[in-house]
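*Asks:* sequence? don't have it. structure:
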């Protein structure tokens, strides 16, 4: 029986998955495993064996040699091991050395062909699999990767949220975009979600803050990169913590439960929010009733549907109103954009409907 088969069950206690970005030597791994084992929540050692680097001259892992180190470490310290796989060959090698858990990296999740190849390679094999989100914020690719494993009969799965690449600068290596991950979670409520805050942060000084945010949102645990001497790491040096740093951070984190045991007061507040949400939706429906009349007037007057000056005016006035009420400008702009997009779409549908009605 694979000792890791029961790892990915949603429990009240959080789980820590930790280890080096890349397995560099047996000494490096031993210097990590001993202090990490003092953390009760540490259940799984992660280590990169094949490192898919953006450019070819960087450290790309030791491959099979690293697997021999990990196998020896597993036997000596009785700790399950997780490695990343990106091809059927990787799967074959990982199974040959009795690795306990496999994970699918962000660069593999983006390609359904690669994911399906790995699913096929694991046919008939009962081993836990962790699936990271794709590089970009395409939740459908992430959902599709999970579905491929589920459709093949695999149920011992976990999701790893490692943030998303963004052209807009957020200060982080990969923007968390928590809302995307939580949308994914609504599709798979019974699959545990872990936060890879090392890859989100890109800089070690932000890892603790992001880790606390993950637990505040109900994540089941963390995946962290750690190295005995991060400044000497062969890859991702800036985002790796020392084992002592991990211990200190873990002891300061506040863990929360996702199980609803709401107090009467909380239930009352939620009811108030429900009532106001209903009012907001009713007002939106009332607002959009004017759209058909506006569409007809624009058509009669020979105006375009999109009116730039009106859009600028709308954004400005709503931002002023929002500021007076203490609301964030970015939030109001996004809300206005959604409402405006819906209005444009409804006006286009109105014009198209009229054209169809009046056609010969």
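*Replies:* Received, thanks. Here the structure is a predicted model, which means the values were calculated and not measured.
*Asks:* just the mean pLDDT for the host helix or strand of residue 32, thanks.
*Replies:* Counting by DSSP states H and E, the element that carries residue 32 is helix 26-36. Helix 26-36 carries an average pLDDT of 96.
*Asks:* list the buried ones in it?
*Replies:* Across helix 26-36, burial judged by 16 or more other C-beta atoms under 10 Å covers 28-29, 31-33, 35-36. Quick note: C-beta positions are derived from backbone N, CA and C, even for glycine.
*Asks:* need the next SSE after that helix, C-terminal direction.
*Replies:* Under the assignment DSSP H and E, the closest C-terminal helix or strand after helix 26-36 is strand 42-46.
*Asks:* could you check the angle that next one makes with helix 26-36?
*Replies:* Interaxial angle, strand 42-46 versus helix 26-36 (axes from the mean of the first three to the mean of the last three C-alpha atoms, to 10 degrees): 160 degrees.
*Asks:* other SSEs contacting strand 42-46?
*Replies:* Here strand 42-46 touches strand 15-19, helix 26-36, strand 81-85, going by 3 or more C-beta pairs under 8 Å, 6 or more residues apart in numbering; DSSP states H and E.
*Asks:* at 7 Å instead, please
*Replies:* Judged by 3 or more C-beta pairs under 7 Å, 6 or more residues apart in numbering; DSSP states H and E, strand 42-46 is in contact with strand 15-19, strand 81-85.
*Asks:* ok, the last one: who's next to it in the sheet?
*Replies:* If you go by DSSP bridges, strand 81-85 pairs up with strand 42-46 (parallel), strand 101-104 (parallel).
*Asks:* quick check: mean pLDDT of the longest one?
*Replies:* Over the span of strand 42-46, the pLDDT mean works out to 96.
*Asks:* quick one: buried residues of the following helix or strand past that strand?
*Replies:* Sequence-wise, the next helix or strand downstream of strand 42-46 (DSSP H and E) is helix 64-77. By 16+ other C-beta under 10 Å, the buried positions in helix 64-77 come out as 66-67, 69-70, 73-74.
*Asks:* just want the angle from helix 64-77 to strand 15-19.
*Replies:* Using the same axes, to 10 degrees: helix 64-77 against strand 15-19 is 130 degrees.
*Asks:* so what secondary structure elements neighbour the helix ranked longest in the chain?
*Replies:* The residue-count maximum for a helix in the chain (DSSP state H) belongs to helix 329-358. Contacts defined by 3+ C-beta pairs under 7 Å, 6+ apart place helix 329-358 against helix 264-288, helix 291-301, helix 308-324.
*Asks:* do you know which of those lies nearest residue 179?
*Replies:* helix 264-288 (17.1 Å; C-beta to C-beta).
*Asks:* how many neighbouring residues does residue 309 have?
*Replies:* Residue 309 has 7 neighbours, counted by other C-beta atoms under 10 Å.
*Asks:* please disregard the earlier target; I meant residue 140.
*Replies:* Other residues lying near residue 140 total 11 when counted by other C-beta under 10 Å.
*Asks:* quick one: it from residue 180, how far?
*Replies:* From residue 140 over to residue 180 the distance is 11 Å, taken as C-beta to C-beta, to the nearest Å.
*Asks:* what sits against the residue nearest in space to the middle of the chain?
*Replies:* The chain has residue 161 as the residue nearest its centroid, 2.7 Å off, counting by C-alpha atoms, centre = their mean. Residue 161 sits next to 133, 181, 193, 195-196 when contact means C-beta atoms under 7 Å, 6 or more residues apart in numbering.
*Asks:* same check on residue 23?
*Replies:* Going by C-beta under 7 Å, 6+ apart, the list of residues near residue 23 reads 29, 47-49, 62, 66, 69-70.
*Asks:* tell me the pLDDT at it?
*Replies:* Confidence score, pLDDT, at residue 23: 96.
*Asks:* excluding residues flanking it in the chain, which one is nearest the residue nearest to the centre of the chain?
*Replies:* Nearest non-adjacent residue to residue 161, counting by C-beta to C-beta, 6 or more residues apart in numbering: residue 181, 4.3 Å away.
*Asks:* any idea which element the one you found lies in?
*Replies:* Using DSSP H and E, the element containing residue 181 is helix 178-187.
*Asks:* rebuild the strands paired with strand 81-85 as JSON lines, extending it with distance to residue 328 and mean neighbour count.
*Replies:* Output for these, formatted as JSON lines (distance: least, C-beta to C-beta, whole Å; neighbours: other C-beta atoms under 10 Å):
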{"stretch": "strand 42-46", "distance to residue 328": "37", "mean neighbour count": "24"}
{"stretch": "strand 101-104", "distance to residue 328": "36", "mean neighbour count": "23"}
